[in-house]
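[1] For reference, the sequence and a predicted model appear below.
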Amino acid sequence: MAILKAITLVLSSTAALVASAYPPPEACTGNCIGIDPAAIRRDDGTYFRFNTFGKIRIYKAPSFTGPWTLEGPAIPDGSIIDIPGRNSLWAPEVQKVGNQYIMYYSVSEGGKRLSAIGYATSPNMEAGTWTDHGSTGISTTESSDRNAIDPALIKDPATGKYYMSFGSYWSGIWVVPMNDAATQVAKNAKYTNIGRQPNSDHAWEGSNIIFHGGNYYLFLSAGKSGGFDENNLPPPGGEYKVKVCRSKAITGPYVGPAGKSCMEGNGLVLLGSHDNVYAPGGQGIFDDPDLGTVMYYHYANRSVSYKKDDFQFGWNSLKWVDGWPTF
């Protein structure tokens with residue numbers, strides 16, 4: 001019995017250490033509900049957040065912590081890209097390019113590869129100011145080996161050129177150069193596969209690439225993203241989590257901390273389920289003048305609901321240790 005108690009104590013202590021390795025989400029006030037958030041700060045200090053569904057919902061706040069208010073849909077008439085899913089729209093990404101804001105979005109249906117990445121522009125990101133321009137030229141069909149959803153833009157500091165990362169399941173994450181306006185895929189562009197989960201259901205998606213300290217960092221969401229039933233959850237670790245890979249070039253090769261290829265499913269698990277936080281993912285990276293580098297994400301709050309309609313907006317500040325992000 002004494003041995004059993006000792007083993008139980010060790011296991012409990014280990015579980016506590018694992019849980020405490022991840023910080024709780026920082027403060028968020030107001031409307032903090034949403035899926036696949038995209039956050040950005042306007043030049044006047046006003047914060048905007050965009051979410052999947054509702055024709056891309058726009059939220060607005062005086063600070064990153066809130067209070068967030070729902071302003072309305074960004075593309076109320078749906079996308080002019082005429083394929084199934086044009087009235088739902090997924091996974092927005094918003095960047096300022098030149099004197100305008102560009103919103104990239106996904107048109108698709110769950111589990112389908114008939115997909116396209118579209119874009120809309122606005123002078124100030126307010127509801128009612130977005131003009132939809134349709135496709136960026138990044139699209140896929142049911143016979144494609146990749147899926148054109150989950151766009152994220154990066155301006156390569158080495159060349160000043162724009163690149164788009166995207167991809168979901170199947171062959172995972174891809175990157176492709178864009179034109180100088182960041183509105184269309186570059187002419188004769190080469191698509192490069194930079195990260196994938198070769199086993200099981202190939203559940204890698206939701207990429208972002210940032211540059212820090214001479215390296216490119218690929219952030220992605222791995223695992224089952226939703227459709228959770230609290231009485232029948234995926235095996236522990238099978239749900240969404242945030243992983244990170246690193247490279248010296250924007251097109252790879254990307255590796256994990258042990259130097260193993262991210263084309264083989266490797267990478268650092270930066271944030272996983274813990275305490276009341278379940279299946280964190282759909283992440284983005286944001287440099288705030290007061291908070292520093294922030295990673296934001298959505299998650300299911302175990303104490304509230306596992307339903308996607310109840311997913312919450314979370315964020316934590318990042319720091320860098322030995323060339324890798326941590327909290």
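    In hand now; what should we look at?
[2] Please name every helix or strand in contact with the longest strand along the chain.
    The longest strand of the chain (DSSP state E) is strand 277-288. Judged by 3 or more C-beta pairs under 8 Å, 6 or more residues apart in numbering; DSSP states H and E, the packing partners of strand 277-288 are strand 38-41, strand 204-212, strand 215-222, strand 241-247, strand 292-301. C-beta here means a position set from N, CA and C on the backbone, and glycine is covered the same way.
[3] Dump the C-alpha coordinates for that strand into CSV.
    Listed in CSV are the C-alpha atoms of strand 277-288, where the atom choice follows Å, rounded to 0.1, in the frame of the first residue of the first chain:
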residue,chain,number,x,y,z
VAL,A,277,-8.1,25.2,-21.5
TYR,A,278,-8.9,22.5,-24.0
ALA,A,279,-7.6,22.2,-27.6
PRO,A,280,-5.9,25.6,-28.0
GLY,A,281,-5.1,26.5,-31.6
GLY,A,282,-6.0,28.7,-34.6
GLN,A,283,-3.2,30.9,-33.3
GLY,A,284,-1.6,34.1,-34.5
ILE,A,285,1.5,36.1,-33.5
PHE,A,286,1.2,39.8,-32.8
ASP,A,287,3.8,42.4,-31.7
ASP,A,288,2.2,44.8,-29.3
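[4] how far does it sit from the chain's center?
    7 Å (C-alpha atoms, centre = their mean, to the nearest Å).
[5] again, but for stretch 232-244
    Worked out by C-alpha atoms, centre = their mean, stretch 232-244 lies 15 Å from the chain centre.
[6] For it, list every residue counted as buried.
    233, 239-244 (16 or more other C-beta atoms under 10 Å).
[7] Report the backbone C-alpha coordinates of it in CSV.
    Taking Å, rounded to 0.1, in the frame of the first residue of the first chain, the C-alpha atoms of stretch 232-244 are listed here in CSV:
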residue,chain,number,x,y,z
ASN,A,232,-16.3,11.1,-26.3
LEU,A,233,-13.2,13.2,-26.6
PRO,A,234,-10.2,12.2,-28.7
PRO,A,235,-7.4,10.4,-26.9
PRO,A,236,-5.3,12.8,-24.8
GLY,A,237,-3.0,14.8,-27.1
GLY,A,238,-5.2,14.1,-30.1
GLU,A,239,-6.9,17.4,-29.8
TYR,A,240,-5.6,20.8,-31.1
LYS,A,241,-2.3,22.1,-29.9
VAL,A,242,0.2,24.7,-31.1
LYS,A,243,3.5,23.4,-32.5
VAL,A,244,6.6,25.3,-33.7
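[8] Just give the number of residues close to Gly110.
    12 (other C-beta atoms under 10 Å).
[9] Sorry, slip of the keys, the one I care about is Gly54.
    17.
[10] do the same with Tyr217
    22.
[11] Who is it paired with across the strands?
    Ile210, Arg246 (DSSP bridges).
[12] swap in the one 5 residues further on?
    The residues listed as beta-bridge partners of Ala222 by DSSP bridges are Trp204, Lys241.
[13] And for Tyr47?
    Arg41, Ala61.
[14] returning to what we had before: any idea which of the helices and strands packed on strand 277-288 gets closest to Asn193?
    strand 204-212 (10.8 Å; C-beta to C-beta).
[15] quick one: the closest one to chain centroid distance?
    7 Å.
[16] Could you export it as PDB, CA atoms only?
    C-alpha atoms of strand 204-212 as PDB (Å, rounded to 0.1, in the frame of the first residue of the first chain):
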ATOM      1  CA  TRP A 204      -1.700  19.900 -39.500                       C
ATOM      2  CA  GLU A 205      -3.100  23.300 -40.400                       C
ATOM      3  CA  GLY A 206      -3.500  27.000 -39.400                       C
ATOM      4  CA  SER A 207       0.100  28.100 -40.100                       C
ATOM      5  CA  ASN A 208       1.900  31.400 -39.400                       C
ATOM      6  CA  ILE A 209       5.500  32.200 -40.200                       C
ATOM      7  CA  ILE A 210       7.400  34.900 -38.300                       C
ATOM      8  CA  PHE A 211      11.100  36.000 -38.400                       C
ATOM      9  CA  HIS A 212      13.100  36.400 -35.200                       C
END
